[in-house]
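1. Structure for the following, please:
(2 chains)
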Amino acid sequence: MKSWMPFEWIAALRFLQEGRMQSLLIIVGVGVGVAVIVFMSALLSGLQANLVRRTLSSQAHIVLLPAEEVARPQASSGHDAIRLQKQAQRLRSIDQWQLLRDRLEAWPEIAAVSPAASGPAFAVRGDASKAVTLLGIEPARYQQVIDLGGHLTAGELRVGAGEAVIGIELAKDLGADVGDKLRIRGAQGEAETLTVTGLFDLGNKGVNARNVYVGLRTGQTLLDLVGGVSNIDLALHDLDLAEDVAQRIAAESGLIADSWIRTNAQFVTALTSQRVSSNVIRFFIALSVSFGIASVLVVSVVQRSKEIGILRAMGATQAQMRRIFLLQGGIVGFLGSFLGSALAWAFLMLWRMLARNPDGTPLFDIGVEPALVAIAAGGASVVGILAALLPARRAAGLDPVVAIRG
Amino acid sequence: MADAVLKLEGLRKAYAGADTEYEVLHGIDLRLGRGEFAALIGPSGSGKSTLLNLIGLLDRPSSGRLVIDGEETATLDDTALTRLRGERIGFVFQHHHLIPAFTAEENVAMPLLIARGRPDAAMFARAGELLDRVGLARQRRQLANRLSGGQQQRVAIARALAMSPALVLADEPTGNLDTHSADEVFALLREVNRQLGTSFLIVTHDPRLARRCDRIIELVDGVVVSDRPNNAAPPDSGPVDGS
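-> Now for the predicted structure:
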């Protein structure tokens, strides 16, 4: 007997120790439940983080665009039949973009601000001519929004005057490589011959075939947008706040602010429903685990009714009896959660070994986070104690006379 | 006798039947003095066990007064009754009723542990002392269910004495033992009674055992039909105190 341990702890531990087989089975039962929850959570968060990362590898978290131009008819008498033709949207600059850029940089939620002049253009090389999206960027700023430098397959990220970085698909289509020249012609007719300084692969075929990165000034010239930018790309510290921040910026600046959440609405809905369904599964696993604990403890109360009666006769109060059984539930949950975390870790190691890309690299990165183990341990202990409520009440309510006779 | 450890006045106990109540005890009056060694006898179904449960505060009377060691019990709540029971009353049951998950020593220390909340060296010293008194000093570290029947009953007696109770209630303490062990256990009860002045109320079927007590109370159909000093008790068996 450890001298620091209260009576209730001693009794709870001894009871569990004595019913060794029973205790072991239920701890394993709890462990399997916790393992499934931990494994599933790790897998899901790994999968989702991976999907989000891939989706956002070529997208800014928020894109700011100038407000749309609308046709405003003169006030009419009301008798005229007016057919309002929607206005075609010109490529326009964001007003006061330098000011806006500096202001947004001061927002605590915003990690990076990258203005860009982007618009349609043609890339011509020899006989081949391709429609492309021309993006005039400041590389240092753009790099903080989209990791272009990390996705280069050849050359370097250098977009000085007369230089361009293109995607691998476009390079293939045009037969161009690093050091080769290609001619870019803007929609307004401005054209310039550029040297390819780098090739990128952002993991998205469309982007790889379309995007041509040039310096901001080159972009402005080619797109006839001198001194202006057509959009501002933002990166946030917290992805989930994108929609919220976008709406605040829109309200404040009058610009159109598209968050990645809005742009990829279906994708985000799919992620959310995946999370909801996994929560439902988790809930039911926790429920069945708690029923398991409860049923074992109910049986234990019946088996131990005589001992409960003796303890009551020797002066143990109802509250003490209740605590003994609540503790047993908590201890079973706590121990089970550690077994479960170990099991989950083993599953994940196995998963890492088995689930691999054809080239042998892991499909995606997942791991057991210590926080998840701590949450599982706390959660399972609470579930154990809750599950023990009913058995504990029965133990406390046992009539000592009947218990001793029985 | 002014110093009573137990005082019953008009104690009744009725149980609710299917449609009518039936009364098991019909108004019991009884006093037990300090240091008395009394037997409670009677045929099966006479209400002995019910009476013992009431006195042991394991059950509540339907009406009447029950005073334990000077404490009026009618107004106490369950927790207070439990405390009073733990401190003033020791139990020795027929079926030993040790807790098998604990050692002999831990079983004896259990009432102290329950009362104090945490184990300490003093309670184990006390347990060792009591086990020594009942002749089981060497078995103190053995699990309770590894002991023989007689040994278990002696541990149970040591446990009943752990809190130095005013009154020990024994329900057929030798009922499950062979003659030799029964004699040993009874002698031990007697010895404790004499040396510590603890009062004993012993429920028994065994006339041989009853004859060795100082006072014999007979219960038939829920009424005390006779209550007499037993002058036939062995002369060395301590103070004899009649009604």
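2. Quick check: mean pLDDT of stretch A:21-30?
-> For stretch A:21-30, mean pLDDT is 91.
3. what does stretch A:386-403 give?
-> What stretch A:386-403 shows for mean pLDDT is 86.
4. which outside residues touch it?
-> Stretch A:386-403 is contacted by residues A:289-294, A:297-298, A:300-301, A:304-306, A:308-309, A:312-313, A:318-319, A:321-330, A:333, B:53, B:58-59 when judged by Cβ atoms under 8 Å, 6 or more residues apart in numbering or on different chains. (Glycine included, C-beta is placed from N, CA and C.)
5. how about a cut-off of 6 Å?
-> A:290, A:293-294, A:297-298, A:301, A:305-306, A:308-309, A:312-313, A:318, A:321-322, A:325-326, A:329, B:53, B:58-59 (Cβ atoms under 6 Å, 6 or more residues apart in numbering or on different chains).
6. Between the two ends of that stretch, how far is it?
-> Stretch A:386-403 has an end-to-end distance of 24 Å (Cα to Cα, to the nearest Å).
7. Buried residues, it. List them.
-> Neighbour-count burial for stretch A:386-403 flags A:386-396, A:398, A:400-401, A:403 (criterion: 16 or more other Cβ atoms under 10 Å in any protein chain shown).
8. Looking at those, which two lie furthest apart in space?
-> A:386 and A:401 (30.1 Å; Cβ to Cβ).
9. For the residue in the stretch 251-400 of chain A that chain B sits nearest to, grab phi and psi.
-> Closest to chain B within the stretch 251-400 of chain A is residue A:315: 1.8 Å, counting by Cβ to the nearest Cβ. Dihedral pair for residue A:315: phi 110, psi 0, per degrees, to the nearest 10.
10. now residue A:84, what's its secondary structure?
-> Here residue A:84 is coil, with the state taken from DSSP: H, G, I helix; E, B strand; the rest coil.
11. Next, count neighbours for whatever residue of chain B ends up closest to chain A.
-> Proximity of chain B to chain A (Cβ to the nearest Cβ) peaks at residue B:86, 1.8 Å away. Here the number of neighbours of residue B:86 (other Cβ atoms under 10 Å in any protein chain shown) works out to 24.
12. what distance separates the helix or strand hosting it from the middle of the whole chain?
-> Here residue B:86, judged by DSSP states H and E, is contained in helix B:78-88. Per Cα atoms, centre = their mean, to the nearest Å, the displacement of helix B:78-88 from the mean C-alpha position of its chain is 15 Å.
13. near chain A at all, the next helix or strand after that helix?
-> For helix B:78-88, the succeeding helix or strand toward the C-terminus, using DSSP H and E, is strand B:89-92. Yes - judged by Cβ under 6 Å from any Cβ of the partner chain, strand B:89-92 comes into contact with chain A at residue B:91.
14. same check, this time on stretch B:102-118
-> Yes - using Cβ under 6 Å from any Cβ, stretch B:102-118 reaches chain A at B:110-111, B:113-115, B:117-118.
15. can you redo those as JSON lines with pLDDT?
-> Formatted as JSON lines, the residues of stretch B:102-118 next to chain A follow (pLDDT from 0 to 100):
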{"residue": "B:110", "pLDDT": "92"}
{"residue": "B:111", "pLDDT": "91"}
{"residue": "B:113", "pLDDT": "92"}
{"residue": "B:114", "pLDDT": "91"}
{"residue": "B:115", "pLDDT": "89"}
{"residue": "B:117", "pLDDT": "88"}
{"residue": "B:118", "pLDDT": "89"}
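16. interface residues of chain B facing chain A?
-> Residues of chain B that fall close to chain A, judged by Cβ under 6 Å from any Cβ: B:53, B:58-59, B:79, B:82, B:85-86, B:91, B:97, B:99, B:101, B:110-111, B:113-115, B:117-119.
17. Type out the PyMOL command that picks the buried ones from those residues.
-> Per 16+ other Cβ under 10 Å, the buried members of these correspond to this PyMOL selection:
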select buried, chain B and resi 53+58+59+82+85+86+91+97+99+101+110+111+113+114+115+119
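18. that older thread, just put the residues of stretch B:102-118 next to chain A in CSV and tack on secondary structure.
-> Formatted as CSV, those follow (three-state DSSP):
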residue, secondary structure
B:110, helix
B:111, helix
B:113, helix
B:114, helix
B:115, helix
B:117, coil
B:118, coil
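19. still on that earlier bit, just to be careful, could you list which of the buried residues of stretch A:386-403 are in helices?
-> A:386-387, A:389-396, A:400-401, A:403 (DSSP state H).
20. Show me the shaky parts of chain A.
-> A:1-3, A:73-82, A:358-365, A:367-368, A:406 (pLDDT under 70).
21. buried residues in the longest strand anywhere in it?
-> The longest strand of chain A (DSSP state E) is strand A:110-125. Residues A:110, A:112-119, A:121, A:123-125 are the ones in strand A:110-125 that count as buried (16+ other Cβ under 10 Å).
22. Output those as a markdown table; include the columns distance to chain B.
-> Converted to a markdown table, the buried residues of strand A:110-125 look like this (distance: Cβ to the nearest Cβ, whole Å):
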| residue | distance to chain B |
| --- | --- |
| A:110 | 57 |
| A:112 | 59 |
| A:113 | 62 |
| A:114 | 65 |
| A:115 | 69 |
| A:116 | 70 |
| A:117 | 76 |
| A:118 | 74 |
| A:119 | 79 |
| A:121 | 82 |
| A:123 | 82 |
| A:124 | 88 |
| A:125 | 86 |
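23. ok, of the residues you listed, which one's closest to residue B:42?
-> Nearest to residue B:42 among these, with distances taken as Cβ to Cβ, is residue A:110, at 90.2 Å.
24. I'd guessed residue B:89 sits against residue B:164; true?
-> No - between residue B:89 and residue B:164 there is no contact under Cβ atoms under 6 Å: 11.3 Å.
25. Residue A:293: neighbour count?
-> The local packing of residue A:293 (other Cβ under 10 Å) involves 28 other residues.
26. That one in helix, strand or coil?
-> Relying on three-state DSSP, one would call residue A:293 helix.
27. Could you do residue B:23 as well?
-> Once three-state DSSP is applied, residue B:23 turns out strand.
28. Spatially, what comes nearest to it if we skip its sequence neighbours?
-> Leaving aside its chain neighbours, residue B:23 sits nearest to residue B:14 (4.3 Å; criterion: Cβ to Cβ, 6 or more residues apart in numbering or on different chains).
29. Which strand or helix spans the one you found?
-> strand B:4-16.
30. Buried ones in that strand, by neighbour count?
-> Applying 16+ other Cβ under 10 Å to strand B:4-16 flags B:4-8, B:11-14 as buried.
31. repeat for stretch B:24-40
-> Neighbour-count burial for stretch B:24-40 flags B:24-25, B:28, B:30-40 (criterion: 16+ other Cβ under 10 Å).
32. End to end on that stretch, go ahead and measure it.
-> Taking Cα to Cα, the first and last residues of stretch B:24-40 lie 16 Å apart.
33. Enumerate the strands of chain B by residue range, in sequence order.
-> If DSSP E is used as the criterion, the strands of chain B fall at B:4-16, B:21-33, B:37-41, B:63-68, B:71-72, B:89-92, B:167-171, B:199-203, B:215-220, B:223-229.
34. gap between the residue sitting furthest away from the middle of chain A and residue B:149?
-> Farthest-out residue of chain A from its mean C-alpha position, per Cα atoms, centre = their mean: residue A:405, at 60.2 Å. Distance, residue A:405 to residue B:149, by Cβ to Cβ, to the nearest Å: 19 Å.
35. Kindly report the same for residue B:72.
-> For residue B:72, the distance to residue B:149 - Cβ to Cβ - is 38 Å.
36. again, but for residue B:55
-> 26 Å.
37. Comparing the two, which residue is more hemmed in?
-> Neighbour tally, residue B:55 and residue B:149, criterion other Cβ under 10 Å: the higher count belongs to residue B:55, 24 against 15.
38. residue contacts, the more buried one?
-> So residue B:55 contacts nothing (Cβ under 6 Å, 6+ apart).
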